[in-house]
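In: just coords:
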């Protein structure tokens, strides 16, 4: 099974639109994962049913037993994350938003007043869609561990027993922890970009990451006609870096209108849909994925 | 006065709002513009020119093999799997290290010291006497964006006006960026994804106790569900930016809308005044 991750560097270039379009254009059912776990939207575009979730345990968290605490302040002094504060009432408290569960406070506390416990930071979910099983997640507000959650979503997806020809991942923006977690193990990355100096700058940083992983790279240029000059910059960059452009999608308000109706680009009769369908075919041929 | 710009969904226009807001304020006051989107920083692209750079480092353990007895205490203590004590040596995986310093405390023979490892840089410039631009830039292949963000914010810390351009999402980089803000401006677009992610970001700001205001970008007049959410949550909509190919083109080529169009300078100054009112609980 080939694994393809749809990524972008810059946010809002159209990753989810492309991933949902690919899923609908595919004649085969695919294994699907939404790895943009702190802004997950693939389930808004695909028709999901039978959603089942399990708890995601993120980083551990410290808590202070006030009956044992003598107020020495060592925990606060040694905490590198400023997660322990002394309140106006003199009581030392753990701020769960900042605690990374490293347990250094338990090591320095002479009164054994601090314990470390598990905490739930979100949910990993599985839904059925007409395009195949979809794995997705919800990160709880104030929980930071998105890279770990991406790992869990992919792990659950890969335990699916259905025989499917490809694993399609809708990735997060950026180049950090969740992105590296999403690209890890992928055979190919489809990079979605748009004309503009920010998107090109972010794309270049993503390409550097992809080269570190040695994955095959493909590019979809979205909203191509919004700025023809900047679109040429992207084409020149691809030629120079030997990245295959598999699709050029024009800007089309009909695509936004479709999203508002809860439909994918594939459900529309637009030049954008035709171009994206061609992109999927080209990708399948290049990667040996049955269409 | 710290104003943080966030969105949840990527690509809604955070950087455009940050750049134009800071530039417009700088026509009357001194302002620090801090790029906290360390994974994909773009603010500096709008202010080309001379700049200084400083490395950002994270502390990682180094084991003195002369002193180490391979007792395993460090590996046992590390909760992030960054230290493996093997039969003949200790293996450190710096990418997994959270720089908590615990291994050094756990070692009974003082065999561990911490050494700095470069994970990114801070880039600073002064495009005008009243505007300082500071960017936190994560090195490609590194994961510790929050540490770079924290360093960038510290570099720009002062008593005056700061604008913090945040990363997308709601995870650790966003929490680090929002920490200490007086007001949060949420930039959204009226699509189902934009709204779903706006709800997440609005909820995070609320959890952190930061007063909120909303900017609707690329509006085509069909903003019903977004406006309904704002009303329900009692968050004021403090700016509407219409969908306009010309605005997009100006921003995409790296120019500053407020500098090219006087009416937008006025609008962004008004945005600043509204943000102050929200921060003071007077919205």
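Out: Cool, the structure landed. Keep in mind that this is a model prediction, so the values were computed, not measured.
In: what residue ranges in the chain score low on pLDDT?
Out: Assuming you mean chain A. Counting by pLDDT under 70, not a single residue of chain A qualifies.
In: chain B is the one I meant
Out: Low-confidence regions of chain B, defined by pLDDT under 70, span residues B:282-283.
In: top strand in chain B by residue count?
Out: If each strand of chain B is counted by residues according to DSSP state E, the longest one is strand B:112-128.
In: beyond that strand, next helix or strand please.
Out: From strand B:112-128 onward toward the C-terminus, using DSSP states H and E, the following helix or strand is strand B:131-138.
In: packing partners for that following strand?
Out: Contact here means 3 or more Cβ pairs under 8 Å, 6 or more residues apart in numbering or on different chains; DSSP states H and E; on that basis strand B:131-138 packs against helix B:14-25, strand B:31-35, strand B:112-128, helix B:145-155. Every residue, glycine included, has its C-beta placed from N, CA and C.
In: right, and these - which one's nearest residue B:226?
Out: The closest of those to residue B:226 is helix B:14-25. By Cβ to Cβ, the value is 15.8 Å.
In: just name whatever secondary elements that closest one is in contact with.
Out: Using 3+ Cβ pairs under 8 Å, 6+ apart as the contact criterion, the secondary-structure elements in contact with helix B:14-25 are strand B:2-6, strand B:31-35, strand B:131-138, strand B:161-165, strand B:183-189, strand B:212-219, helix B:257-260, helix B:262-279.
In: so how far is residue B:94 from the residue of the stretch 51-200 of chain B found nearest chain A?
Out: The minimum distance from the stretch 51-200 of chain B to chain A, using Cβ to the nearest Cβ, falls at residue B:172 (3.1 Å). With distances taken as Cβ to Cβ, to the nearest Å, residue B:172 is found 18 Å from residue B:94.
In: of those two, who's got more company?
Out: Neighbours per residue (other Cβ atoms under 10 Å in any protein chain shown) separate residue B:172 from residue B:94, with residue B:172 holding more: 26 against 16.
In: now that one, what are its backbone angles?
Out: For residue B:172, the backbone dihedrals are phi -50, psi -40 (criterion: degrees, to the nearest 10).
In: contact partners for the residue lying closest to it once chain neighbours are set aside?
Out: With Cβ to Cβ, 6 or more residues apart in numbering or on different chains as the measure, residue A:144 is the residue that lies nearest to residue B:172, at 3.1 Å, once sequence neighbours are left out. Contacts here follow Cβ atoms under 8 Å, 6 or more residues apart in numbering or on different chains; on that basis residue A:144 touches A:58, A:59, A:121, B:146, B:171, B:172, B:175.
In: which of those sit farthest apart?
Out: When Cβ to Cβ is used, the two most widely separated members of the contacts of residue A:144 are A:121 and B:146, lying 15.5 Å apart.
In: can you tell me which of the contacts of residue A:144 are in helices?
Out: Among these, the ones falling in helices (DSSP state H) are B:146, B:172, B:175.
In: and for the last one, the neighbour number?
Out: By the criterion of other Cβ under 10 Å, residue B:175 has 21 neighbours.
In: now the residue positioned nearest the centre of chain B, nearest residue through space, not along the chain?
Out: Most central residue of chain B, judged by C-alpha distance to the mean C-alpha position with Cα atoms, centre = their mean, is residue B:36 at 2.6 Å. On the basis of Cβ to Cβ, 6+ apart, the spatially nearest residue to residue B:36 that is not a chain neighbour turns out to be residue B:177, at 4.1 Å.
In: and that neighbour, what does it touch?
Out: Residues in contact with residue B:177, defined by Cβ under 8 Å, 6+ apart, are B:4, B:6, B:36, B:149, B:153, B:164, B:166, B:167.
In: what secondary structure does it sit in?
Out: Classification of residue B:177 by DSSP: H, G, I helix; E, B strand; the rest coil places it in helix.
In: could you measure from it over to residue B:100?
Out: Distance, residue B:177 to residue B:100, by Cβ to Cβ: 21 Å.
In: what about the host helix or strand of residue A:126, near chain B?
Out: Residue A:126 is part of strand A:120-129 when elements are defined by DSSP H and E. No. With Cβ under 8 Å from any Cβ of the partner chain as the criterion, chain B is not reached by strand A:120-129; the gap is at least 9.9 Å.
In: could you chop the chain up by domain?
Out: Chain wasn't specified; assuming chain A. Using automatic domain parsing, the domains assigned to chain A come out as A:2-57+A:122-287, A:61-117.
In: looking at chain B here, not the other one
Out: Using automatic domain parsing, the domain ranges for chain B come out as B:2-30+B:160-279, B:57-118.
In: deepest in the core, which of these is it.
Out: Counting by mean count of other Cβ atoms under 10 Å in any protein chain shown, domain B:2-30+B:160-279 has the highest mean neighbour count of the domains of chain B, with a mean of 21.
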